[in-house]
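Visitor: Got a sequence here, can you model it:
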Amino acid sequence: MTEEAQRVIEAMDAVEAVGDPAVRARAISEVLADQAERVKRWREDRRKVVLDLRAQQPPVPYRKIAALLGVSLRTVQDIEAGYSGSGKNRPRATGAPEG
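Guide: Predicted coordinates for the structure are as follows:
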């Protein structure tokens with residue numbers, strides 16, 4: 001885990017450790033409100049990185065990008081295609097059963 005990510009996780013742990021339930025709930029509300037917009041920006045930023053790597057000549061292979069980002073090969077492909085979330089937005093493969 002990167003040092004930056006570790007600091008963010010430690011800060012979230014600190015919010016969870018706040019003793020006063022009302023203060024903790026307010027802090028959680030503030031973080032959630034901020035994250036709603038931040039997540040959009042971060043997804044766009046991550047997608048730009050993937051698209052820039054794929055646009056290089058020769059294109060950086062998906063497996064190498066996955067290793068650089070610490071995600072799966074399929075996640076890199078989803079990022080490139082603009083999909084996010086649990087995969088519910090992902091189009092089904094041709095011939096896959098509807099359900």
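Visitor: residues of the helix or strand residue 22 falls within that come out buried?
Guide: Assigned by DSSP states H and E, residue 22 falls within helix 21-55. Using 16 or more other CB atoms under 10 Å as the test for burial, helix 21-55 gives 27, 46-47, 50, 53. From N, CA and C alone the C-beta is placed, and that goes for glycine too.
Visitor: The residue of the chain most remote from its centre and residue 27, how far apart?
Guide: For the chain, the C-alpha farthest from the mean C-alpha position belongs to residue 20; by CA atoms, centre = their mean, that distance is 30.5 Å. Taking CB to CB, to the nearest Å as the measure, residue 20 falls 10 Å from residue 27.
Visitor: so how far is residue 26 from the residue farthest from the centre of the chain?
Guide: With distances taken as CB to CB, residue 20 is found 9 Å from residue 26.
Visitor: quick one, what contacts the residue nearest the centre of the chain?
Guide: In the chain, the C-alpha nearest the mean C-alpha coordinate belongs to residue 43, at 5.8 Å (CA atoms, centre = their mean). Contact analysis of residue 43 by CB atoms under 8 Å, 6 or more residues apart in numbering lists 79, 84.
Visitor: quick one: pLDDT of it?
Guide: Note on residue 43: pLDDT of 93.
Visitor: One more: residue 97?
Guide: The predicted structure scores residue 97 at 46 on the pLDDT scale.
Visitor: ditto for residue 30
Guide: Residue 30 is given a pLDDT of 94.
Visitor: gap between it and residue 21?
Guide: Distance, residue 30 to residue 21, using CB to CB: 15 Å.
Visitor: ok, now residue 53?
Guide: 45 Å.
Visitor: go on, residue 15?
Guide: Here the criterion is CB to CB. By it, residue 15 lies 12 Å from residue 21.
Visitor: low-scoring stretches of this protein, by residue?
Guide: When residues are selected by pLDDT under 70, those of the chain lie in 85-99.
Visitor: From start to finish, how long is stretch 51-61 in a straight line?
Guide: Distances were taken as CA to CA, to the nearest Å; on that basis the terminal residues of stretch 51-61 are 11 Å apart.
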